[in-house]
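Colleague: A predicted structure for the sequence below; I have some questions about it.
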Amino acid sequence: MIKIKNAFVWDNGHFFKKDLYVKNGIFVDDCKKCDYEIDLEGKYILPGFSDSHAHVLGVGLSKLMLNLNNKNFQDEIFSSSEEIILGRGWTEISDKYLFDSITRPVILIRICGHVAYLNKYAQKILGFNDYFIYENDLEKIWKLLPEEYYIKAFKTGEYEFISKGITSVHSDDLHGITFETLLKLLNDSKLRIYEKLYTETPWNYEFNKEYGISKIFGIKLFADGSLGGKTAFLSRPYKNSKNYGTYILPESFESILDFAEKNNVQVCVHAIGDEAISRLIELFGRFNNHRIIHAQLIKEKDFEKLKNFKFSVQPHFYFEDQEILKNIDTSGLMLYPFKRMFEEGYLISFSSDGPVSPVDPKYIISSALKLGFSFVDSIKLYTEYSGNMINEKIGLLKPNYKADFIVFKDKNLEKLEAVFINGEKVYDALTLNP
């Protein structure tokens, strides 16, 4: 039993000086005899942030790859000595022949994660005959890398989330690694991970089983791609083209949904374009207690039909996508209607979609404030509402909830000092040692 004393504790937008008690990783009412005490000396405690849709492995991979966010990234590629040159973050590659002189595979992932560039050498070893590949074809890339690389990437991603005050993530990591390796990583993780398996054959796996402090709870599927990659599925073509995007929900969706319903498994579908969402509503039918990830463009006539779904949304995408939206006929569509969803009682929760965007709660919350959310509601939507999505007791500093919390030096919440997960300190900013 642990007593946490002398701290100011967040409760619905206010800080109150009170003690917290932890037993076996859970907050409890009180303790008559504590094993030891933690004196926080007037510091401020928030519930740990919970990212309801991100990619722990992907965030780690992006840290190990070349960063292609700068316009002169080609200089780094030509100077790289890696056997496989991997990078992520570009928005446009104007000269697709530029890297053909490199006699090693050059594989560059677009910032959205839905498009990849391959030089001629990479095309040859992967069996493609095009410089750009899309959506499911990217899975072939991950088979090139050794398992040790993924293990390192996962640990790197885990630390990146924890160091930002994120104590749990609804993640999507079955890409490149074996299921057995994923289970080991989940079991060893200090970050609380709620894993949704990217699979079209969920009956081959076991769900709702705990691995350490983590758990596999759901299935991840794609209905379409990204707006930036022009693969989000729209009801009207992208401007100056005949391209409507791509619709990639598997033909076995009905069987997957039937399995999920029988086994109490949540189906989480990536859907950005308005037409993808329309079709998804029809396919879900009366089973509407599942989750839609993103939901950036919605037809007005579809809005009420979405009332009983759950949503992982990214308020920052509204601002990041302004240039991209110039390529789309948005007349008659609801754009990023997250505030209206919240006001009308839809169950939404905030997420970063890292590594597409920074996994920094301050970044996401600042965007939410610009969309009209209050600060208090933004905290709720990045903590307890993430737990509500999957009926997990996280995100509140109350008895019977998991003891995941973060400590700030002052009331302004500017300086993160420590992160506790399951009642254990896993990050201390003063020592920079997870």
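Modeller: That came through fine.
Colleague: wouldn't residue 25 be in contact with residue 422 here?
Modeller: Yes. With contact defined as Cβ atoms under 8 Å, residue 25 and residue 422 form a contacting pair (3.8 Å). (Glycine included, C-beta is placed from N, CA and C.)
Colleague: what sits in contact with each of those two?
Modeller: Common contacts of residue 25 and residue 422 (Cβ atoms under 8 Å, 6 or more residues apart in numbering): 213, 402, 403.
Colleague: Now for the first one, how many residues are close by?
Modeller: Residue 213 has 20 neighbouring residues, counting by other Cβ atoms under 10 Å.
Colleague: What's the per-residue pLDDT of it here?
Modeller: With respect to pLDDT, residue 213 scores 98.
Colleague: my read: it touches residue 48, true?
Modeller: No. The pair residue 213 / residue 48 is not scored as a contact, 11.9 Å apart, by Cβ under 8 Å.
Colleague: which residues are in contact with both of the two?
Modeller: Overlap of the contact sets of residue 213 and residue 48 (by Cβ under 8 Å, 6+ apart) consists of residue 421.
Colleague: nearest spatial neighbour of residue 41, skipping sequence neighbours?
Modeller: residue 6 (5.6 Å; Cβ to Cβ, 6 or more residues apart in numbering).
Colleague: and what of residue 272?
Modeller: residue 232 (4.0 Å).
Colleague: ok, the one you found touching residue 297?
Modeller: Yes. In this structure residue 232 lies within contact range of residue 297 using Cβ under 8 Å: 7.5 Å.
Colleague: Now the common contact residues for the two.
Modeller: Common neighbours of residue 232 and residue 297 (Cβ under 8 Å, 6+ apart) are 272, 273.
Colleague: More neighbours: which of those two?
Modeller: residue 232 (30 against 26).
Colleague: That one - that's part of a helix, no?
Modeller: No. Counting by DSSP: H, G, I helix; E, B strand; the rest coil, residue 232 is located in no helix; its state is coil.
Colleague: Now do the SS call for residue 378.
Modeller: Residue 378 - assigned by three-state DSSP - is helix.
Colleague: and it, what is it in contact with?
Modeller: By Cβ under 8 Å, 6+ apart, the contact list for residue 378 reads 350, 365, 368, 369.
Colleague: Secondary structure, distance to residue 429 and neighbour count added to those residues, as a markdown table?
Modeller: Listed next are the contacts of residue 378 as a markdown table, based on DSSP: H, G, I helix; E, B strand; the rest coil; distance: Cβ to Cβ, whole Å; neighbours: other Cβ atoms under 10 Å:
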| residue | secondary structure | distance to residue 429 | neighbour count |
| --- | --- | --- | --- |
| 350 | strand | 23 | 30 |
| 365 | helix | 19 | 22 |
| 368 | helix | 24 | 26 |
| 369 | helix | 24 | 13 |
